[in-house]
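Student: Give the three-dimensional model of this entry:
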Amino acid sequence: MRLVDGHCHLEPREYPDVPAVLSRMAAAGVVHAVVVGQFHAPGDFGHALDVARRHPDRLTATLGIHPHEAARATEGDFTFLEETCRLPEVHAVGEAGLDFYYDRSPRAVQDTVFRRQCALSVRVGKPLVVHVRDAHAECAGVLRSEKPTPGVIHCFTGDLPAARTYLDLGFDLSISGVVTYKKTEALAEAVRFAPLERLLVETDSPYLAPVPYRGKKNEPAYVVETARKVAELKGLSLEEVAEATSLNAARVYRFQLPEA
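Tutor: Numbering: from 1, shown residues only. Purely as a prediction, here's the structure:
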């Protein structure tokens, strides 16, 4: 069985021993992970690219400006982001998007920064990784108008109409451990609806650990539990879902899976 964690954060402050994380990944059948780099403060985009460079056969990097930090980004940060996203080691732009739940940056600023990264994805010809919370209509509006390089709606937690909208816009849906939680029937309905060839699974480590690990620090090895729940919802085997979602991740992020 091959599994891919389609979205995780492996910053050294959370995971000081990345080789141990990779060892646990391998033991769980997780052959690859997408390490998402985020802007933390002016001049600081974290360590995702450095971590991925040390393990290129197991990790693929992205880089972007999260809506939480949108108001802190300087023009120098946008210049650095574009230069770095042009490197072959960076496989996608983001995560970028809109978060109207926390509103840690003004909504108008979030919108502007999101649109700039949509345009960047087109200039560099790489997929866009989208973060969206409590802003599905607004997010879809931006995607329709900006027409970024289609990528992934990360940690998709919307309902069936939202799923249909994003799929119609060319984006795949990445499902996190939230799908294993109680009171997520709308998300479950969306997962049942979405074609298997348009789904990824992810951990969003260190956040959102799936049941039975909920409340603990998440890590890529736990993505098997999310895949197991997706398989249950779709009436498929774990192996079918693991293989399909892994192929989908490799297609979107343009990396090579190891032989099965």
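Student: give me the number of residues near the residue nearest to residue 1 when sequence neighbours are not counted?
Tutor: Spatially, and ignoring its direct neighbours in sequence, residue 1 is nearest to residue 29 (4.5 Å; C-beta to C-beta, 6 or more residues apart in numbering). Backbone N, C-alpha and C define where each C-beta goes, glycine included. Residue 29 has 17 neighbours, counted by other C-beta atoms under 10 Å.
Student: swap in residue 119?
Tutor: Neighbour tally, residue 119, other C-beta under 10 Å: 16.
Student: Also residue 48?
Tutor: Neighbour tally, residue 48, other C-beta under 10 Å: 24.
Student: Can you list phi and psi of the nearest residue to it once chain neighbours are set aside for me?
Tutor: Counting by C-beta to C-beta, 6+ apart, residue 48 lies nearest to residue 37, which is 3.1 Å off, once chain neighbours are set aside. For residue 37, the backbone dihedrals (degrees, to the nearest 10) come out as phi -90, psi 130.
Student: what's near enough to touch the residue nearest to residue 1?
Tutor: Going by C-beta atoms under 8 Å, 6 or more residues apart in numbering, residue 29 touches 1-3, 224, 242.
Student: go on, residue 171?
Tutor: With contacts defined as C-beta under 8 Å, 6+ apart, residue 171 is in contact with 130, 143, 150-153.
Student: State whether residue 257 and residue 32 are indeed in contact, as I suppose.
Tutor: Yes: with contact defined as C-beta atoms under 8 Å, residue 257 counts as touching residue 32 (6.5 Å).
Student: Need the overlap of contacts for the two.
Tutor: 4, 246, 250.
Student: Report the secondary structure element holding the first one.
Tutor: If I follow you right, that is residue 4. Using DSSP states H and E, the element containing residue 4 is strand 3-8.
Student: What helices and strands are in contact with the longest helix seen in the chain?
Tutor: Across the chain, the longest stretch assigned as helix under DSSP state H is helix 107-124. The contact analysis (3 or more C-beta pairs under 8 Å, 6 or more residues apart in numbering; DSSP states H and E) places helix 107-124 against helix 75-85, strand 90-99, strand 128-133, helix 136-146.
Student: Turn these into TSV, including mean neighbour count.
Tutor: TSV is the format used below for the helices and strands packed on helix 107-124 (neighbours: other C-beta atoms under 10 Å):
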stretch	mean neighbour count
helix 75-85	16
strand 90-99	27
strand 128-133	26
helix 136-146	17
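Student: Let me have the ones you listed in JSON lines, extended by distance to residue 235 and mean pLDDT.
Tutor: Below are the helices and strands packed on helix 107-124 laid out as JSON lines (distance: least, C-beta to C-beta, whole Å; pLDDT from 0 to 100):
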{"stretch": "helix 75-85", "distance to residue 235": "39", "mean pLDDT": "98"}
{"stretch": "strand 90-99", "distance to residue 235": "31", "mean pLDDT": "98"}
{"stretch": "strand 128-133", "distance to residue 235": "28", "mean pLDDT": "98"}
{"stretch": "helix 136-146", "distance to residue 235": "27", "mean pLDDT": "98"}
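Student: In TSV, list these along with distance to residue 14.
Tutor: Output for the helices and strands packed on helix 107-124, formatted as TSV (distance: least, C-beta to C-beta, whole Å):
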stretch	distance to residue 14
helix 75-85	21
strand 90-99	16
strand 128-133	18
helix 136-146	27
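Student: Looking at the ones you listed, which is nearest to residue 172?
Tutor: Closest of these to residue 172 is strand 128-133, at 10.3 Å (criterion: C-beta to C-beta).
Student: quick one: contacts of that closest one?
Tutor: Against strand 128-133 from outside (C-beta under 8 Å, 6+ apart): 7, 36, 62, 64, 66-67, 92-102, 117-118, 121, 139, 143, 148-155, 157-158, 171.
Student: Would you mind writing the CA trace of stretch 249-260 as PDB?
Tutor: These are the backbone C-alpha positions of stretch 249-260, laid out as PDB (Å, rounded to 0.1, in the frame of the first residue of the first chain):
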ATOM      1  CA  ALA A 249      -1.100  14.000  -5.100                       C
ATOM      2  CA  ALA A 250       1.700  13.000  -7.400                       C
ATOM      3  CA  ARG A 251      -0.200  14.400 -10.400                       C
ATOM      4  CA  VAL A 252      -1.100  17.700  -8.800                       C
ATOM      5  CA  TYR A 253       2.300  18.300  -7.200                       C
ATOM      6  CA  ARG A 254       4.300  16.800 -10.000                       C
ATOM      7  CA  PHE A 255       6.500  14.400  -8.000                       C
ATOM      8  CA  GLN A 256       7.500  10.800  -8.700                       C
ATOM      9  CA  LEU A 257       6.000   8.100  -6.500                       C
ATOM     10  CA  PRO A 258       8.200   5.100  -5.600                       C
ATOM     11  CA  GLU A 259       7.300   1.900  -7.200                       C
ATOM     12  CA  ALA A 260       4.500   0.000  -5.500                       C
END
